[in-house]
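>>> Structure for this input, please:
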Amino acid sequence: MATLPFGRSHTDRTGDTGPAVAVDVAVKILPAVAVRRAERTARRARQAPTSIAVDTGCACAVDRGNLLGRHCRGEDHGPVMKWTKETPPVRQSEHEPELSAYQRVMRNRLLAAPVVPAPEPWRPVFRYEYGVPVGGLLGIGFAKDPDTGHDLVMVVSQDGHGLFDAVTGEKIARDRDPAPEDSTPDAVADLPCPGLGPITGSRVRIAGLFGGGLHTTTEDGWTLEVVTPAWPNDRILLSRDGGLPHAGPHGEEWWHIFHSYYSTFRAAGFSPSGRTIAVATSSDLSLWTRGANTGTSRSNSTET
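Sure thing, here's the model as predicted:
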């Protein structure tokens, strides 16, 4: 009988071998650590569940050395069998940290606060409680109208791009079929999309599904926060007290102005000028402004 590396063995055609023989050979040749390793290997071999053969159809799919992701470019290798083993289910940790007494009190205060109108001088831009519907909204960004000086809100959705005047609510530009490389902001590192309408030729950074963010404070002391005391429903808090933990009474120093319980939250924040608040979900855009109302909204029921 010849001995193979790592305690494996083979015999002639009349011989008989198995895990026990492999361990016996390892005892004579390998050090103690290798002996224990060989014993575990033999034990696992006896206890392993039945393996399942899966036809992956391509050798590159099972090539463990293919670390750079090179593909076979459509070459036909014939059926390739990959053997997989059953794995035990992942169990939830039994040591999840509990909320402290202070955290429970704060969480309960946030849960108890109802949605209220934003305080003066803020006013909603759209007529409806939850703004204007935008099906498949992916993200939003701010720009400035070069003619009027108003804040503009650019909306990126699965149906194209739109541009809103953040003071009047008017939808002033629409692109239903942007170029594929510009349709979503994730094609570029800083997440921009090309402007449209009066801001054509510029690029607007978009915050939402693909990342990014908007201003959370203004120069004159307003703060906007996104809190989730009951995941996955996000709440938007506007305040003048510097933000959490909000020691003052709700409705006097901090206000719960939006509750995203019906759609997935995308982004919320102030415009760079600090004169607009925008909240975007996967289905709606809500705006508040403290700028002068120079016109009437013509977009209250128009889908972007």
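>>> ranges for the helices of the stretch 101-250 of the chain?
Secondary structure of the stretch 101-250 of the chain, counting by DSSP state H, counting those that start in this stretch: helices at 101-112.
>>> so what's the residue lying closest to W288 once chain neighbours are set aside up against?
Nearest non-adjacent residue to W288, counting by C-beta to C-beta, 6 or more residues apart in numbering: I277, 4.2 Å away. Any C-beta I mention is one placed from the backbone N, CA and C, and that applies to glycine too. Residues in contact with I277 (C-beta atoms under 8 Å, 6 or more residues apart in numbering) are 118, 122, 224, 238, 257, 268-271, 287-289.
>>> ok, so of these, who is nearest A143?
Nearest to A143 among the contacts of I277 is S271, at 9.0 Å by C-beta to C-beta.
>>> about what we covered before: restricted to strands, list the contacts of I277.
Here DSSP state E is the test, and the contacts of I277 give 224, 238, 257, 268-270, 287-289 as lying in strands.
>>> Between which two of these is the distance greatest?
Farthest pair in the ones in strands among the contacts of I277 (C-beta to C-beta) is A268 and T289. Separation: 14.8 Å.
>>> Give me the below-cutoff pLDDT ranges for this structure.
The model of the chain has pLDDT under 70 over residues 1-38, 40-85, 92-93, 292-304.
>>> hmm, try it at 80
1-96, 129, 291-304 (pLDDT under 80).
>>> With distance to P192 added, can I get the contacts of I277 in JSON lines?
As requested, the contacts of I277 are arranged in JSON lines below (distance: C-beta to C-beta, whole Å):
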{"residue": "A118", "distance to P192": "29"}
{"residue": "W122", "distance to P192": "28"}
{"residue": "L224", "distance to P192": "22"}
{"residue": "L238", "distance to P192": "27"}
{"residue": "I257", "distance to P192": "28"}
{"residue": "A268", "distance to P192": "19"}
{"residue": "G269", "distance to P192": "16"}
{"residue": "F270", "distance to P192": "19"}
{"residue": "S271", "distance to P192": "16"}
{"residue": "L287", "distance to P192": "21"}
{"residue": "W288", "distance to P192": "25"}
{"residue": "T289", "distance to P192": "24"}
